[in-house]
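A.B. asks: Kindly return the folded structure for what I paste below:
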Amino acid sequence: MTRKEFVTKATENLAGQYSPGEAKAISIRILSHFLGLSEYEYSVEPNVIIPKPDLVRIQGALDELAADRPVQYVIGEETFEGHTFRVNESVLIPRPETAQLCRLVISALRASGEVHQPRILDAGTGSGCIAWTLAAAFPKAEVFALDADEAALEVARSQKIYLDQAGRQPVPEPPVFFRADILEGPPEEGKDTDIPNIEDLDILISNPPYVCESEKDFMAPNVLDYEPDEALFVPDNDPLRFYRALAGWAEALVRTGGQCYFEINEAFGPQVRELFESRGFSDVEIVQDFHGKDRFVTFTKWF
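C.D. replies: Numbers count the residues shown, from 1 in each chain. Predicted structure coming up:
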């Protein structure tokens, strides 16, 4: 079977789960990954015969896709802000909205001139995509990242992120990862000895769980059956629980003049704004994503 024939067949097999364009893109991605090709190499040499051992491996990957396993978990990686991140079912798949959240922080720090050595905490790091992206953007930054799940922290620590596309310049100051639960509140001085000093933060950033349980009815099987529930869902009767907790982290750890950037559920923009304004934070703003949906809250601590 040639590369082109495989892509045609795979696209047909995936047609019931994806649009034609998505199915073809996923088929090419699977082929390129398992054969070690760039998509350009596929495009210029589509008629090369696929060796039988490789074809067996690729067919196995297609079987996983047919069972609704996300392509990112099948190949074990996802690209995010120009970097390749390891992913598995212990962590959420990095999404474009979260990349936009990172860009908000990068733009704000560069505009303010505070790029010498910002102190940044990523609360609920998952794969570490936020923490590593900011560490790569600001090589002299002190970046800290927490998660309640040790399996997620193992994935985050394992990432190999570089400053250059050739993979020759590792991030000089990797993030410091540690276990902590957002809902348990910030560490108490002298009690949480395993937690690094994370006071006087310039930036607190988080993509916490914010999808209501009732929204499961509208979600695709490849999300519900594979991505970790604890990183996605909150109770319908308490959808802002993580934001109330994050307000406490901001009060305790963000320096005066420091800023917070959180991803939010599009349905709760006004309520999120009211929550942080009621806690005394300034310049509370709801920012829309590229789909025009309320997706982020940003604010400054002036106390």
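A.B. asks: Please pull out the lowest mean pLDDT helix or strand from the chain.
C.D. replies: Using mean pLDDT, DSSP states H and E, helix 39-44 stands out as the lowest-scoring helix or strand of the chain, at a mean of 90.
A.B. asks: right, and the helix or strand after it?
C.D. replies: Moving toward the C-terminus from helix 39-44, the next helix or strand (DSSP states H and E) is helix 52-66.
A.B. asks: Check what contacts the helix or strand just after that following helix and list those residues.
C.D. replies: Once the chain leaves helix 52-66, the next helix or strand it forms, by DSSP H and E, is helix 71-75. With contact meaning Cβ atoms under 8 Å, 6 or more residues apart in numbering, helix 71-75 is reached by 26, 29-30, 33-34, 61, 64-65, 78, 87-89, 93, 226. Any C-beta I mention is one placed from the backbone N, CA and C, and that applies to glycine too.
A.B. asks: Just give me the residue closest to the centre of the chain.
C.D. replies: Nearest to the mean C-alpha position of the chain, counting by Cα atoms, centre = their mean, stands residue 94 at 3.5 Å.
A.B. asks: any idea how far residue 229 is from residue 179?
C.D. replies: Residue 229 is 19 Å from residue 179, where distance means Cβ to Cβ, to the nearest Å.
A.B. asks: hang on, the earlier thing: will you turn the contacts of helix 71-75 into a markdown table that also has pLDDT, distance to residue 112 and secondary structure?
C.D. replies: Putting the contacts of helix 71-75 into a markdown table (pLDDT from 0 to 100; distance: Cβ to Cβ, whole Å; DSSP: H, G, I helix; E, B strand; the rest coil) gives the following:
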| residue | pLDDT | distance to residue 112 | secondary structure |
| --- | --- | --- | --- |
| 26 | 96 | 40 | helix |
| 29 | 95 | 38 | helix |
| 30 | 96 | 43 | helix |
| 33 | 95 | 40 | helix |
| 34 | 95 | 45 | helix |
| 61 | 96 | 45 | helix |
| 64 | 96 | 45 | helix |
| 65 | 95 | 44 | helix |
| 78 | 97 | 30 | strand |
| 87 | 98 | 32 | coil |
| 88 | 98 | 36 | coil |
| 89 | 98 | 38 | coil |
| 93 | 99 | 31 | coil |
| 226 | 98 | 39 | coil |
